[in-house]
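**Student:** Have a look; sequence and predicted model below, questions after that.
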Amino acid sequence: MKISIIVTTYNRANHLNRGLYTVLSQDIDLHEVIIIDDGGNDHTAKIVDNLRDQFPKRNIKYIYNHNFGYTNCCLAKNIGIRQATGELLIFTEPEVLHIGEVIKAHLNWHKEGTHLFVSSGMVYFVFAGAAGKLTLEHLKNPELIPSIQKVIEWKDGYQPQAEDIAVSRKVSASYCASVRKKDVVAIGGYDERYKVWGWEDIDVQSRLSISGVKCVSDNNIKVVHLAHGYTGCFENWEINKKLHENPDKPMVANQGKEWGIIK
């Protein structure tokens with residue numbers, strides 16, 4: 001089964017360098033790795049060139065979308081979906097470090113079932129103060145990170161602190177998630193009415209479920225999410241939430257128009 005990795009990014013070159021290393025160094029064949037730069041103005045393109053030099057046998061593709069800043073992560077994901085030529089799509093993010101052979105774990109799920117959406121069930125969130133303690137060895141071997149200090153369980157009422165490392169279980173977001181291309185195309189991809197981020201993962205899984213795709217959160221697929229800069233998400237959070245709760249929202253997103261267009 002051909003695997004396409006899809007990474008959307010905006011001005012996170014340094015994180016991309018760390019996160020993609022933990023993807024590219026896994027012992028599994030990858031058909032392609034697609035990086036969609038959503039209008040950033042940092043040195044992401046240079047990082048991609050460096051990774052190509054470091055991993056010459058990996059098929060790394062770089063797409064620059066001439067967007068006015070990080071305004072629509074769903075559009076960037078849809079561009080990745082449209083451009084992907086693999087049968088199995090795996091979505092991840094620049095600031096995500098993968099613990100162990102997570103791609104192989106995703107592949108095993110899809111060998112067992114034909115209509116699945118599989119997400120990493122255990123995510124370690126490393127906030128800014130704790131991230132400052134990480135060494136190069138931690139970044140290359142993220143399984144070591146939870147041993148740096150006491151890990152806090154992210155439960156109802158938890159308020160993140162700068163020095164914390166917190167773990168969230170049974171996560172269903174796209175920190176490291178997989179789905180067959182034909183299944184996500186059938187529902188119209190990600191709904192581009194969602195701005196920045198928030199609720200779009202829940203929305204796409206809801207529509208996948210309606211179409212007969214089973215959504216699975218696997219706690220054996222573990223990742224680390226590194227703290228990153230503010231992207232203006234909170235202004236849109238309530239708007240996105242209301243959009244998800246709108247009973248008139250169509251089951252097929254972006255219906256009636258072509259989606260995932262590179263600007």
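**Tutor:** Cool, the structure landed. Numbers count the residues shown, from 1 in each chain.
**Student:** contacting residues around the residue nearest in space to the middle of the chain?
**Tutor:** The residue lying closest to the centre of the chain (CA atoms, centre = their mean) is residue 92, at 2.7 Å. By CB atoms under 8 Å, 6 or more residues apart in numbering, residue 92 lies in contact with 5, 6, 7, 19, 23, 98, 174, 175, 176, 177, 223. For the C-beta atoms, the positions are set from N, CA and C on the backbone; glycine is no exception.
**Student:** and what of residue 83?
**Tutor:** The neighbours of residue 83, taking CB under 8 Å, 6+ apart as the test, are 34, 61, 63.
**Student:** Would you mind measuring from it to residue 91?
**Tutor:** According to CB to CB, to the nearest Å, residue 83 and residue 91 sit 13 Å apart.
**Student:** now the contacts of residue 83: which count as buried?
**Tutor:** Among these, those classed as buried by 16 or more other CB atoms under 10 Å are 34, 61.
**Student:** Now tabulate the contacts of residue 83 in JSON lines and tack on pLDDT.
**Tutor:** What follows is the contacts of residue 83, written out as JSON lines (pLDDT from 0 to 100):
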{"residue": "34", "pLDDT": "98"}
{"residue": "61", "pLDDT": "97"}
{"residue": "63", "pLDDT": "95"}
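**Student:** residue ranges with poor pLDDT in the stretch 151-263 of the chain?
**Tutor:** Residues of the stretch 151-263 of the chain meeting the criterion pLDDT under 70: 196-197, 229-237, 239-240, 246-251, 256.
**Student:** Can you list the strands that the longest strand seen in the chain pairs with?
**Tutor:** Under DSSP state E, the strand in the chain containing the largest number of residues is strand 214-226. Note on strand 214-226: by DSSP bridges, its sheet partners are strand 96-98 (antiparallel), strand 116-126 (parallel).
**Student:** Show me the one of these that comes nearest residue 13.
**Tutor:** Closest to residue 13 of those, according to CB to CB: strand 96-98, at 14.8 Å.
**Student:** Counting by contacts, list what whichever helix or strand comes after that closest one packs against.
**Tutor:** Next along the chain after strand 96-98, taking DSSP states H and E as the criterion, comes helix 102-112. With contacts taken as 3 or more CB pairs under 8 Å, 6 or more residues apart in numbering; DSSP states H and E, helix 102-112 sits against strand 3-9, strand 88-92, strand 116-126, strand 176-180, strand 214-226.
**Student:** Mind doing that once more with 7 Å?
**Tutor:** Helix 102-112 sits against strand 88-92, strand 116-126, strand 176-180, strand 214-226, with contacts defined as 3 or more CB pairs under 7 Å, 6 or more residues apart in numbering; DSSP states H and E.
**Student:** mind giving me CSV with the ones you listed and columns for distance to residue 44?
**Tutor:** Output for those, formatted as CSV (distance: least, CB to CB, whole Å):
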stretch, distance to residue 44
strand 88-92, 15
strand 116-126, 21
strand 176-180, 20
strand 214-226, 16
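**Student:** State the distance from residue 102 to residue 144.
**Tutor:** Using CB to CB, one gets 16 Å for the distance from residue 102 to residue 144.
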